[in-house]
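Trainee: okay, sequence plus prediction incoming.
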Amino acid sequence: QVHLEESGGGLVQAGGSLRLSCTASGLTFSSKSVGWFRQAPGKEREFVAISNGNGVGTLYGDSVKGRFTVARDNSGDMVYLQMNSLKPDDTAVYFCAVRSKESGSKWYWLTSDYDYWGQGTQVTISS
């Protein structure tokens with residue numbers, strides 16, 4: 001059984017930073033696309049960032065470009081989302097997700113592209 005778990009959320013002031021982590025059991029992130037998404041109250045789930053299946057390529061949503069960085073650790077079993085210069089609009093529940101099939105260098109940014117999801121971690125940015 002596959003289980004994803006996010007951690008690292010919390011409450012910070014605008015301009016601050018947080019680092020989210022995503023770990024998995026039941027599968028490895030190696031060669032698979034791992035995405036970060038977020039959902040604010042009353043809004044649809046939004047694409048934030050991707051670490052693609054080659055483990056090197058990254059892609060970001062326009063609202064976080066230049067402020068957020070997605071990375072994998074050397075083992076490939078953990079994916080991070082470093083969030084800097086946080087804004088109140090970044091307040092949301094943040095989810096990590098993984099495609100079950102090897103993804104290569106192709107980009108997947110739709111929620112429907114991902115097979116497994118974590119429960120999410122709350123990020124709240126105060127003004």
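Mentor: Structure received.
Trainee: where do the strands of this protein begin and end?
Mentor: 3-7, 10-13, 18-25, 34-39, 46-51, 58-60, 68-72, 78-83, 92-98, 116-117, 121-126 (DSSP state E).
Trainee: could you dump those strands into a markdown table with mean pLDDT, distance to residue 106 and mean neighbour count added?
Mentor: In this view, the C-beta of every residue, glycine as well, is placed from N, C-alpha and C. Shown next, in a markdown table, are the strands of the chain (pLDDT from 0 to 100; distance: least, Cβ to Cβ, whole Å; neighbours: other Cβ atoms under 10 Å):
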| stretch | mean pLDDT | distance to residue 106 | mean neighbour count |
| --- | --- | --- | --- |
| strand 3-7 | 97 | 21 | 17 |
| strand 10-13 | 98 | 33 | 13 |
| strand 18-25 | 96 | 20 | 19 |
| strand 34-39 | 97 | 12 | 24 |
| strand 46-51 | 96 | 10 | 23 |
| strand 58-60 | 95 | 11 | 17 |
| strand 68-72 | 95 | 16 | 19 |
| strand 78-83 | 96 | 17 | 21 |
| strand 92-98 | 98 | 14 | 23 |
| strand 116-117 | 98 | 18 | 18 |
| strand 121-126 | 98 | 27 | 17 |
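Trainee: can you put those in CSV and add distance to residue 105?
Mentor: Formatted as CSV, the strands of the chain follow (distance: least, Cβ to Cβ, whole Å):
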stretch, distance to residue 105
strand 3-7, 22
strand 10-13, 33
strand 18-25, 20
strand 34-39, 14
strand 46-51, 11
strand 58-60, 11
strand 68-72, 14
strand 78-83, 16
strand 92-98, 16
strand 116-117, 21
strand 121-126, 28
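Trainee: which stretch among the ones you listed comes nearest residue 109?
Mentor: Nearest to residue 109 among the strands of the chain is strand 46-51; the distance by Cβ to Cβ comes to 4.5 Å.
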